[in-house]
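**Student:** Give me a 3D structure for the following:
(one chain, ligands or ions: 2)
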Amino acid sequence: MENCIFCRIGSGAQPCLKVCEDEKTIAFMDIAGDADGHVLVIPKKHCENILDCDRETLNAVIGMVKRVSDHLVSRCGYDGADILSANGEAAGQTVGHFHIHIIPRRHGDGLGGKGEWPHFTGAKQELETVYESIRMI
Ligand code: 5GP
Ligand code: ZN
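**Tutor:** Ligands and ions are numbered 1, 2, ... in the order given. Below is the predicted model of the structure:
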């Protein structure tokens, strides 16, 4: 879809800080600046959200979420990851192309403790610096 920003990122028409890519998906840095290492995973194929996403595409997206999350923990010194997705305007979705947020977490990182969703307190590091430390390609 021409007017969809994430379709443009998926096709390469719009630049992004690409963390990982395969045939069906791409993982890239979120530009929000709300948390260090905030990554988005999208399907290259347009779907609005999980509600209209076909099973094959969904499998590819969740596979990439796992691949990036594994990498963050096994290779980048993180202890875990919050994995979040808003589906539908009522749920707070702002970009109408399915995406899953990955927020890498460390013990004592100040983003929230047990039983809490992360508090987005603002990135502490430059986006490019974190990107260079977590990129997989
Ligand atoms: P939502 O609010 O739909 O759950 O998440 C949309 C996310 O997309 C936000 O975190 C926002 O920062 C991110 N975003 C919006 N436009 C762009 C863009 O052009 N490039 C990148 N890398 N992220 C974007
Ligand atoms: Zn799209």
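**Student:** could you point out the longest helix in the chain?
**Tutor:** In the chain, with assignment by DSSP state H, the single longest helix is helix 55-75.
**Student:** Show me what counts as buried in that helix.
**Tutor:** By neighbour count with 16 or more other CB atoms under 10 Å, helix 55-75 contains the buried residues 57, 60-61, 64-65, 67-69, 71-72. Heads up, the C-betas are built off the backbone N, CA and C, glycines and all.
**Student:** pLDDT below threshold where in the protein?
**Tutor:** For the chain, not a single residue meets the criterion pLDDT under 70.
**Student:** Phi first, then psi, for the most centrally placed residue in the chain.
**Tutor:** For the chain, Leu40 is the residue whose C-alpha lies nearest the centre (CA atoms, centre = their mean; 1.7 Å). When read as degrees, to the nearest 10, the backbone of Leu40 gives phi -110, psi 140.
**Student:** got the contact list for it?
**Tutor:** With contacts defined as CB atoms under 8 Å, 6 or more residues apart in numbering, Leu40 is in contact with 27-30, 99-102.
**Student:** Out of these, who's the most crowded?
**Tutor:** With neighbours defined as other CB atoms under 10 Å, the most crowded of the contacts of Leu40 is Ala27; it has 28 neighbours.
**Student:** hang on, isn't that residue packed against Val41?
**Tutor:** Yes - contact criterion CB atoms under 8 Å: Ala27 and Val41 qualify, at 4.7 Å.
**Student:** Find the residues that touch each one of these two.
**Tutor:** What both Ala27 and Val41 touch, as defined by CB under 8 Å, 6+ apart, is the set 64, 68, 102.
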